[in-house]
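# Build me a model:
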Amino acid sequence: MSVRGGDRLTPLMARIRDFLLQRKYNNSLRYTENYSKRTQPPPFLPDGCSHDIAENAYYLRDERRRVSPPVEVFISGPKRLAESGSSSLPQPTSTSVTTVPGVKFNWDKQLPLD
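The predicted structure is shown next:
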């Protein structure tokens, strides 16, 4: 038999516990009516705007998160000419393809055979 109801300890172990705690043990979960129940009832959620529609796109499925299709930042294809001959891109000042610092080592150079 335990010292107090709800303990799973023998009376000797309960006294050792109280001695090590230097106070009488007080279970903080003794009022079960003040806490949530372990088995919760199923939630009552209202139906969404598209709850009965199938095969709709993700961004159309929920109007609370109204998402639009992605905006195309770069469109590949034929380039369009600028109006009145003006160019929106700056023209390169030099004719070199790339400018790199230092001397570039030629890895594909054939070694002479001796």
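# in stretch 23-33, what counts as buried?
Residues of stretch 23-33 include none that count as buried (16 or more other CB atoms under 10 Å). (C-beta placed from N, C-alpha, C; glycine too.)
# where's residue 11 relative to residue 41, distance?
40 Å (CB to CB, to the nearest Å).
# More neighbours: the two, which one.
Legend: neighbour count by other CB atoms under 10 Å for residue 11 and residue 41, higher for residue 11 (12 against 6).
# now the helices: where do they sit in the chain?
With helices called from DSSP state H, the chain shows them at 11-21, 58-61.
# Mind telling me which of these the model trusts least?
Looking at these, the lowest mean pLDDT belongs to helix 58-61 (a mean of 56).
# Quick one: neighbours of the residue nearest to residue 24 when sequence neighbours are not counted, just the number.
With sequence-adjacent residues excluded and distances taken as CB to CB, 6 or more residues apart in numbering, residue 24 is closest to residue 18, at 5.6 Å. Applying other CB under 10 Å, we find 13 residues neighbouring residue 18.
# Please apply the same query to residue 14.
Neighbour tally, residue 14, other CB under 10 Å: 17.
# Check the spacing between it and residue 24 real quick.
10 Å.
# Also residue 16?
Distance of residue 16 to residue 24, given as CB to CB: 13 Å.
# I am finished for the moment; much appreciated.
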